[in-house]
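>>> Here is a sequence together with a model predicted from it:
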Amino acid sequence: MEQLIKAQEVVNGGYLRAAPTSIRFDSTQLSPMIIQVAILKHVIPTIGETLYNSLVAARTVQVANYNALLGTVYPMFPTNTTYETLWINGGLEAMVASAVILTWLPYGTIQNRSVGQQQINTQYSQNADIKGIQFMFDTLQNDLNALKAAVKKYLNKGVECSENSKIDNENAPYNFIIY
């Protein structure tokens, strides 16, 4: 499955930080499996498979970057301003990135090892206990639900998706109609 977002885009730096992570978050923890599960559980059910596939086909091949201080600026959808507006102003970027972090949370805090499941501890910090992890999960889930609602509301405005297509508001979840 082609992925709409890359790990580096979930935890990018600068003013357009997509996910609620610190600058020390290691994007290599976001495996393709984590991203794929987030897409299957949260993104496609929200925007529909046809629109999802259209977005994947239109995205830049580069790692999208909106901060010139971090290198060359690469918009996510350089040739489609409608998709770019959905991505930034419609809240799709924040929704997709938050879905990835929510999906990652159990794997990033408790690891499966040959001796069983273990909480990660470091020398210089104290890991949250299960209650802390549950609090973070609940918070992320509430935020993701709000972001999904915002994206759906944006899509329900009947936004043009390209020159020859539009979102079909009659048939949820947001079927893509080609004219």
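Perfect, I can see it now.

>>> For the rest of this, base every contact and every neighbour count on C-alpha atoms.
Will do.

>>> my guess is residue 83 meets residue 77, correct?
Yes - between residue 83 and residue 77 there is a contact under C-alpha atoms under 8 Å: 6.3 Å.

>>> Name the residue in those two with the higher neighbour count.
With neighbours defined as other C-alpha atoms under 10 Å, residue 83 and residue 77 compare such that residue 83 has more, 24 against 21.

>>> The more buried one: which element?
Secondary structure assignment for residue 83, by DSSP states H and E: helix 81-88.

>>> would you put the C-alpha positions of that helix in PDB?
This file holds the C-alpha atoms of helix 81-88, laid out as PDB (Å, rounded to 0.1, in the frame of the first residue of the first chain):
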ATOM      1  CA  THR A  81      -3.600  23.600  -4.800                       C
ATOM      2  CA  THR A  82      -7.000  22.000  -3.700                       C
ATOM      3  CA  TYR A  83      -5.200  19.000  -2.100                       C
ATOM      4  CA  GLU A  84      -2.600  21.300  -0.600                       C
ATOM      5  CA  THR A  85      -5.400  23.400   1.000                       C
ATOM      6  CA  LEU A  86      -7.100  20.300   2.300                       C
ATOM      7  CA  TRP A  87      -3.800  19.100   3.700                       C
ATOM      8  CA  ILE A  88      -3.000  22.300   5.500                       C
END
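
>>> Now do that helix: which elements does it pack against?
Judged by 3 or more C-alpha pairs under 8 Å, 6 or more residues apart in numbering; DSSP states H and E, helix 81-88 is in contact with strand 160-162.

>>> Lowest-scoring secondary structure element of the chain by mean pLDDT?
Within the chain, no helix or strand scores below strand 175-178, which has a mean of 37 by mean pLDDT, DSSP states H and E.

>>> Before I go, just wanted to say thanks for your time.
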